[in-house]
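> Pasted the sequence and its predicted model underneath.
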Amino acid sequence: MRDFFRLHANGTTVKKELLAGLTTFSTMAYILAVNPMILSKTGMDFNALITATALSAAIGTLVMGLYARLPIGLAPGMGLNAFFAYTIVLGMGYSWQFALTAVFLEGIIFIFLSLFHIREAIINSIPENLKHAISVGIGLLIALIGMANAGIIETGMRHVGEGRLDGVILRIGNIASAGPLIALIGLIVSAVLMYRKVNAALLLGILIATVAGIPLGITHWPAGGLPVSLPPDISPIAFQLEFEKVFSLDMVVILFTLLMVNLFDTVGTLIGLCNKAGLLDAQGRIPRAKQALFADAVGTTAGALLGTSVVTAYVESASGIASGGRTGLTAVTVAAMFLLALFFAPLFAMIPAAATAPALIIVGMLMMGAVVKINFEDVTEAIPAFLAIVMMPYTYSIAEGIVFGMLSYVLLKVFTGRHKEISPVMYVLAVLFVMSFLLQ
């Protein structure tokens, strides 16, 4: 195990990797409840979705751990599951079987793009300043997610009517309520433990916050003692593909949207996480990028067959990286926990979102450190980096931040006569970005 994962070369140990995996899983476990809740709106079986979510996450993460050997967890992606349910099915009127077919086709396309190094070429074409900016932007985004989950802040990111937002964009929450209180308790505990160099600081912060939530009425022990049961039957949703309407304009639009959003969500997440872990090489490239991208493609394809939406890399993996995770053993641990969750799902579900918020907030702070590596003296570098950073939390989207950063980079370099600094891949991406805006 030490030789396969190169633990010594990466300055880590089995204990650190296992603790990092537990920390990452604890910040991702919410997807076991949230993904079924969203996708069941389409008429899919809720209980079967729990099994599909856990299995697809385990498969994708296991490939990431054993093949790419990176400390990154994968699961059905937030935002993409909403696009599946609310746009393809409820909005466009297609069946959930048709939506699963679109996800399956996207997975197959991504497998080919990964095998032929096309996705890897996209990652390598991103300028170094933008790579650092992506890391910073992700840090702000996950800190925002953590604070919103805890109720420390409230957002108006709820779509109503004709694409408008309901209420204010951002405001302070009720700090005296249970959620913010246990989040702040966990935050202080985690910070003190980090100061004392405790490797499990973030995980212990989550557990202590969960316990603190019991008297405050936000943490509820499952009824009937320790819940152990067989996984729910997956047959109502597994292998339910529908190819009758594949050759339609709607399918082209759906596939293009899924490909663009997932491509840059994954690319941005991998860059940000590997940057934080110190795994990028001297040229700013992700180690074993082809294998990492292949992992999310396999996860997506398997997820579609099992009955769930697009599987992608999770920014919450930064919590495990901050706890010392540096190799695929962290990801293997996450995968094992998702499989275990099939038998103890209610136990893992008892961890409130507010209890995981401290880990996300601290990780956001740590990822902000990359801002000092950005060149703010050159405006053609500074503006794209700034837009990439601020647009991620402003739009609640890693992909949107990358689009604004890369498109502004190309335009500024062209209009200032520095077009030689732009790679051919960047030109192609700029055209695709413009097309994506026109198709919205």
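That came through, no problem.
> what's the weakest-modelled helix or strand in this structure?
Among the helical and strand segments of the chain, the one scoring lowest on mean pLDDT, DSSP states H and E is strand 159-160, with a mean of 40.
> what's the closest non-adjacent residue to the residue minimising distance to the centre of the chain?
Centrality entry for the chain: nearest residue to the mean C-alpha point is Y314, 2.6 Å, by Cα atoms, centre = their mean. Excluding the flanking residues, the one nearest Y314 by Cβ to Cβ, 6 or more residues apart in numbering is G73, at 5.0 Å. For every residue, glycine as well, the C-beta is placed using N, CA and C.
> Please look at the one you found and I59 and confirm they touch.
No: judged on Cβ atoms under 8 Å, G73 makes no contact with I59 at a distance of 11.9 Å.
> just to revisit the earlier point, quick one, what contacts the residue nearest to the centre of the chain?
Y314 sits next to T24, M28, I72, G73, L74, A75, G77, T269 when contact means Cβ atoms under 8 Å, 6 or more residues apart in numbering.
> and which of those residues is nearest G364?
Checking the contacts of Y314 against G364 by Cβ to Cβ gives T269 as the nearest, at 13.9 Å.
> Do I have it right that A304 meets Q97?
No: the criterion here is Cβ under 8 Å, and A304 misses it with Q97 at 10.5 Å.
> quick one, which of these two is more surrounded?
Under the criterion of other Cβ atoms under 10 Å, the comparison of A304 against Q97 puts A304 first, with 27 against 17.
> any idea how far the more buried one is from N262?
In this view, A304 and N262 are 12 Å apart by Cβ to Cβ, to the nearest Å.
> In the stretch 301-440 of the chain, where is pLDDT below threshold?
345-346, 348-349, 439-440 (pLDDT under 70).
> what do you get if the cut-off is 90, keeping everything else the same?
Residues of the stretch 301-440 of the chain meeting the criterion pLDDT under 90: 315-316, 318-319, 322-323, 341, 343-370, 372-373, 392-403, 423, 425-426, 428-440.
> can you give me the helices in it?
317-322, 328-349, 353-367, 379-395, 398-415, 424-439 (DSSP state H, counting those that start in this stretch).
> Could you point out which of those sits nearest N10?
Nearest to N10 among these is helix 328-349 (9.6 Å), distances taken as Cβ to Cβ.
> could you dump the closest one to CSV, C-alpha only?
Extracted in CSV, the C-alpha atoms of helix 328-349 (Å, rounded to 0.1, in the frame of the first residue of the first chain):
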residue,chain,number,x,y,z
GLY,A,328,-5.3,8.0,-3.8
LEU,A,329,-5.6,6.2,-0.5
THR,A,330,-7.7,9.2,0.7
ALA,A,331,-10.1,8.6,-2.3
VAL,A,332,-10.2,4.9,-1.6
THR,A,333,-11.3,5.6,1.9
VAL,A,334,-14.0,7.9,0.7
ALA,A,335,-15.3,5.2,-1.7
ALA,A,336,-15.3,2.7,1.1
MET,A,337,-17.4,5.1,3.3
PHE,A,338,-19.9,5.5,0.5
LEU,A,339,-20.3,1.7,0.2
LEU,A,340,-20.6,1.5,4.0
ALA,A,341,-23.2,4.2,3.9
LEU,A,342,-25.5,1.9,1.9
PHE,A,343,-26.0,0.0,5.2
PHE,A,344,-25.8,2.9,7.6
ALA,A,345,-27.4,5.7,5.6
PRO,A,346,-29.5,7.2,8.4
LEU,A,347,-26.5,7.3,10.7
PHE,A,348,-24.4,9.4,8.3
ALA,A,349,-27.5,11.5,7.4
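> Residue numbering should commence at 28 henceforth.
Sure, I'll start numbering at 28, so the last one becomes helix 355-376.
> name the helices or strands packed onto it?
Here helix 355-376 touches helix 41-55, helix 58-66, helix 73-90, helix 344-349, going by 3 or more Cβ pairs under 8 Å, 6 or more residues apart in numbering; DSSP states H and E.
> Comparing the ones you listed, which comes out most buried?
Mean neighbours per residue, mean count of other Cβ atoms under 10 Å, is largest over the helices and strands packed on helix 355-376 for helix 344-349, with a mean of 31.
> Centre of the chain to it, how far?
Centroid separation between helix 344-349 and its chain, computed with Cα atoms, centre = their mean, to the nearest Å, is 12 Å.
> which residues are contacting that helix?
With Cβ under 8 Å, 6+ apart, helix 344-349 has contacts from 47-48, 50-51, 53-55, 98-100, 165-166, 169, 229, 296, 299-300, 303-304, 352, 357, 361, 386-387, 389-390, 393-394.
> at 6 Å what do you get?
47, 50-51, 54, 98-100, 229, 300, 303-304, 357, 386, 390, 393 (Cβ atoms under 6 Å, 6 or more residues apart in numbering).
> so which strand or helix has E181?
strand 180-182 (DSSP states H and E).
> The closest residue to A415 other than its chain neighbours: neighbour count?
Computed as Cβ to Cβ, 6+ apart, the closest residue to A415 that is not its neighbour in sequence is G432, at 2.9 Å. Using other Cβ under 10 Å, G432 is surrounded by 27 other residues.
> show me the residues around G432 that make contact.
L157, P411, L414, A415.
> Likewise for A81?
F365, A368, L369.
> My read is that the first one contacts S83, right?
Read it as F365. No: F365 is beyond contact range of S83, at 8.9 Å (criterion: Cβ atoms under 6 Å).
> what about the residue nearest to Y341, distance to D405?
On the measure of Cβ to Cβ, G100 and D405 end up 36 Å apart.
> the more surrounded of these two?
Shown here are G100 and D405; by other Cβ under 10 Å, G100 has more neighbours (33 against 13).
> picking that back up, give me the buried positions along the strand holding E181.
By 16 or more other Cβ atoms under 10 Å, the buried positions in strand 180-182 come out as I180, E181, T182.
> for it, the distance to its chain's centre please.
Strand 180-182 has its C-alpha centroid displaced from the chain centroid by 20 Å (Cα atoms, centre = their mean).
> same question for it, mean pLDDT?
Taken as a whole, strand 180-182 has an average pLDDT of 82.
> In the chain, where's the longest helix?
The helix spanning the most residues in the chain, taking DSSP state H as the definition, is helix 276-304.
> neighbours around the spatially closest residue to E181 that is not a sequence neighbour, how many?
Nearest non-adjacent residue to E181, counting by Cβ to Cβ, 6+ apart: G200, 4.9 Å away. Using other Cβ under 10 Å, the number of residues around G200 comes to 17.
> Thought N176 was touching G200, still the case?
No: counting by Cβ under 6 Å, G200 sits too far from N176 to count as a contact (10.7 Å).
> coming back round to it: could you work out the most separated pair of the contacts of G432?
Every pair of the contacts of G432 checked by Cβ to Cβ; the farthest is L157 and L414, at 9.7 Å.
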